[in-house]
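Visitor: A predicted structure for the sequence below; I have some questions about it.
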Amino acid sequence: MINKIQNYVYPVRYALLFWTLVGIRMYFNGVLPLMDKTEARYGEIARLMRETGNWITPQIDYGVPFWAKPPLSTWASALSIRLFGSAEFFVRFPYLLLFVGMAFYLGRYRNPNQQSYYLPGIILLSIPEFYLHAGVVSTDSFLCFSIALTMLGFWESLKDQAKAFWGYLFFTSLGLGLLAKGPIIGILTLPPIFLWTLFNKNIKKVFSKLPWVGGILLMLGISIPWYVLAELSTPGFFDYFIIGEHFERYLNSEWKGDKYGFPKQQPLGMAWVFLILFLLPWTVALIRILIKKWKSLRQDPWILFLLLWTLWTPFFFTSSKSLIHPYILPSCIPVALIISHYWQLLKNKKIYFSIAFGLPVLLFLVHLSGLAKPLYSHTTDKFLIGQMEPRIPVFSLDRKTYSSQFYTQGKIKVIEHSKLEEKLLSKNTFYILLNTKQWEIINDRSKLKLQSIDSNKKRGIYQFGPVVKDGD
């Protein structure tokens, strides 16, 4: 009787843990604003795509093409906005579906006799880097998804009696990766696959199992039409994207040709620090497993495959100074699979679970208390925009943020500093966004004409002229 109760309780317990993590992520996806610079930027690009109906060329502002990334993630968010509206939850909805789907699917690779179907997914969702990107508007999420499908499609295609579907999935995923972030999909998947093939002497099997001709044509058919249309629509895209984004960005951390971002100066080898920090506490478990099972890893093709998949991404970025922590996102999935594979041998499981599961719960409780808002309110203009009367025009001095574009639905305009005094001579009521430095340098006459409405650590919104209420 006790065994029957345990057999029922344990699967339910794991299912509750899994869906609780999903529920907390859904909560944050709905209540957190889009943050400047990255997330608000991609959210605004998607909103513009939906508004303008231009599904070929992503735009960073009206009529200004965004050449830095292909459009797969933008298509997803724009479609979600079209179907459900532009609330933050729906802008992020495709990323939530993508990551929860990946976490759920990993149950296929559990030990069915010893583990709950949900265990690999719980480990994956409780990895901070992965959990974060289940609710962040980012091209890295779709790249991670494409890499996962590519790697798992390759693995499944080599099995005895494997269906042709898996081989075509391998090439389909490469095509999706080209639309997600470009040729980097090949750089992050083909080398570890090649190394694994050499170590296991499977070259003949790889060539015989994969549908090379049909697969390559499928990959090109998925991706190349957009690249051609993008270049025809805005000439210069191909040179900027291929040369600039893939060579200059990787090799030159001080690249001056970056149209949309900013130099990302990191010490050499920082990718390994990101891997260790942003996958805690599971990196501790991974290191302990590798130390204990190192001698036997070479004899297990599956674990060797996962290990090469894990390590290749940080190894590739070791020599680059221009990187950010989302670049190690593709390593999260193989790490979760390695840990779940050795789950029965892992000591201190409760400690890992408590830390990994406790962090989202703690953040959830802190946010409910209201203590978290001061920590992020200055990273977005949502709360400042929310103080405005919608009918009154709004300006931003010299430049505008992506969040101000998104939350005004593109209505905010830029006014140059030299034109501000002239604008203050008009009789029309308007709002203006100023950062703290801009407020300090404008003259006293201008300050007297502007009434502070609200402010945060970095910016404030000011009103010129009388308040106009709805119905006046």
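Guide: Yes, it's here. Residues are numbered from 1 along each chain as shown.
Visitor: list the contacts for Asn435?
Guide: When contacts are counted by Cβ atoms under 8 Å, 6 or more residues apart in numbering, Asn435 is found next to 397, 458-460. In short, each C-beta sits where N, CA and C put it, glycine included.
Visitor: report the rounded mean pLDDT for stretch 178-190.
Guide: Averaged over stretch 178-190, pLDDT sits at 95.
Visitor: need the distance between the two termini of it.
Guide: This stretch, stretch 178-190, spans 13 Å end to end (Cα to Cα, to the nearest Å).
Visitor: check the contacts of Asn435 and tell me the two furthest apart.
Guide: Within the contacts of Asn435, two members stand farthest from each other by Cβ to Cβ: Leu397 and Lys458, at 13.2 Å.
Visitor: who has more neighbours out of these two?
Guide: When neighbours are counted by other Cβ atoms under 10 Å, Leu397 and Lys458 differ, and Leu397 comes out ahead with 20 against 15.
Visitor: can you pull the contacts of the more buried one?
Guide: Contact analysis of Leu397 by Cβ under 8 Å, 6+ apart lists 414-417, 420, 432-435, 438.
Visitor: of those, which belong to strands?
Guide: Cross-referencing those against strands under DSSP state E gives 414-415, 432-435.
Visitor: filter the residues you listed down to the buried ones.
Guide: Among the ones in strands among the contacts of Leu397, those classed as buried by 16 or more other Cβ atoms under 10 Å are 415, 432-435.
Visitor: helix or strand right after the helix or strand of the chain with the lowest mean pLDDT?
Guide: The helix or strand of the chain with the poorest confidence is helix 249-251; it has a mean of 57 (mean pLDDT, DSSP states H and E). Following helix 249-251 in sequence order, the next helix or strand is helix 270-278 (DSSP states H and E).
Visitor: now that following helix - C-alpha only, PDB.
Guide: Only the C-alpha atoms of helix 270-278 are listed here, as PDB (Å, rounded to 0.1, in the frame of the first residue of the first chain):
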ATOM      1  CA  MET A 270      34.600  35.400 -19.800                       C
ATOM      2  CA  ALA A 271      32.300  32.900 -21.500                       C
ATOM      3  CA  TRP A 272      33.400  30.300 -19.000                       C
ATOM      4  CA  VAL A 273      32.600  32.600 -16.100                       C
ATOM      5  CA  PHE A 274      29.100  33.100 -17.600                       C
ATOM      6  CA  LEU A 275      28.700  29.400 -17.900                       C
ATOM      7  CA  ILE A 276      29.500  28.700 -14.300                       C
ATOM      8  CA  LEU A 277      27.600  31.700 -12.800                       C
ATOM      9  CA  PHE A 278      24.400  31.700 -14.800                       C
END
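Visitor: packing partners of the next helix or strand after that helix?
Guide: As assigned by DSSP H and E, the chain's next helix or strand after helix 270-278 is helix 282-297. Counting contacts by 3 or more Cβ pairs under 8 Å, 6 or more residues apart in numbering; DSSP states H and E, helix 282-297 packs against helix 270-278, helix 301-316, helix 332-341, helix 349-369.
Visitor: report the buried residues of the first one.
Guide: Taking 16+ other Cβ under 10 Å as the neighbour-count basis, helix 270-278 is seen to contain the buried residues 270-271, 274-275, 278.
Visitor: who's in contact with stretch 190-208?
Guide: Stretch 190-208 is contacted from outside by 151, 154, 158, 298, 301, 304-305, 308-309, 311-312, 316, using Cβ under 8 Å, 6+ apart.
Visitor: need those residues in TSV (columns: neighbour count and pLDDT).
Guide: Below are the contacts of stretch 190-208 laid out as TSV (neighbours: other Cβ atoms under 10 Å; pLDDT from 0 to 100):
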residue	neighbour count	pLDDT
Met151	24	97
Phe154	26	95
Leu158	20	91
Arg298	12	76
Pro301	15	92
Leu304	17	94
Phe305	24	95
Leu308	19	96
Trp309	27	97
Leu311	16	95
Trp312	22	95
Phe316	18	91
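Visitor: and the furthest pair within the residues you listed?
Guide: Longest distance between any two of these is 23.4 Å, between Leu158 and Phe316; criterion Cβ to Cβ.
Visitor: tell me where the model's unsure across the stretch 351-472 of the chain.
Guide: Scanning the stretch 351-472 of the chain with the threshold set as pLDDT under 70 gives 467-472.
Visitor: about what we covered before: nearest to Tyr376 among the contacts of Leu397?
Guide: When these are compared for distance to Tyr376 (Cβ to Cβ), Asn435 wins out at 16.9 Å.
Visitor: so Pro330 sits right up against Leu143, yeah?
Guide: Yes. With contact defined as Cβ atoms under 8 Å, Pro330 counts as touching Leu143 (7.2 Å).
Visitor: next up, the contacts around the residue most central in space within the chain.
Guide: Nearest to the geometric centre of the chain sits Ser138, at 3.3 Å (Cα atoms, centre = their mean). By Cβ under 8 Å, 6+ apart, Ser138 lies in contact with 38-39, 42, 73, 95, 326.
Visitor: same thing but 7 Å
Guide: When contacts are counted by Cβ atoms under 7 Å, 6 or more residues apart in numbering, Ser138 touches 38, 42, 73, 326.
Visitor: among these, which one lies nearest to Ser452?
Guide: Thr38 (28.8 Å).
Visitor: how far away is that closest one from Pro326?
Guide: 9 Å (Cβ to Cβ, to the nearest Å).
Visitor: check Leu97 too.
Guide: From Leu97 to Pro326 the distance is 18 Å (Cβ to Cβ).
Visitor: who has more neighbours out of those two?
Guide: Neighbours per residue (other Cβ under 10 Å) separate Leu97 from Pro326, with Pro326 holding more: 20 against 13.
Visitor: just give the closest residue to that one, not the sequence neighbours.
Guide: Closest residue in space to Pro326, ignoring its immediate chain neighbours: Asp140 at 4.1 Å, by Cβ to Cβ, 6 or more residues apart in numbering.
Visitor: where does the stretch 101-250 of the chain dip in pLDDT?
Guide: Applying pLDDT under 70 to the stretch 101-250 of the chain flags the ranges 244-250.
Visitor: all helices for it, in order.
Guide: Under the criterion DSSP state H, counting those that start in this stretch, the stretch 101-250 of the chain contains helices at 119-125, 128-132, 139-157, 164-180, 184-199, 203-209, 212-233, 237-239, 249-251.
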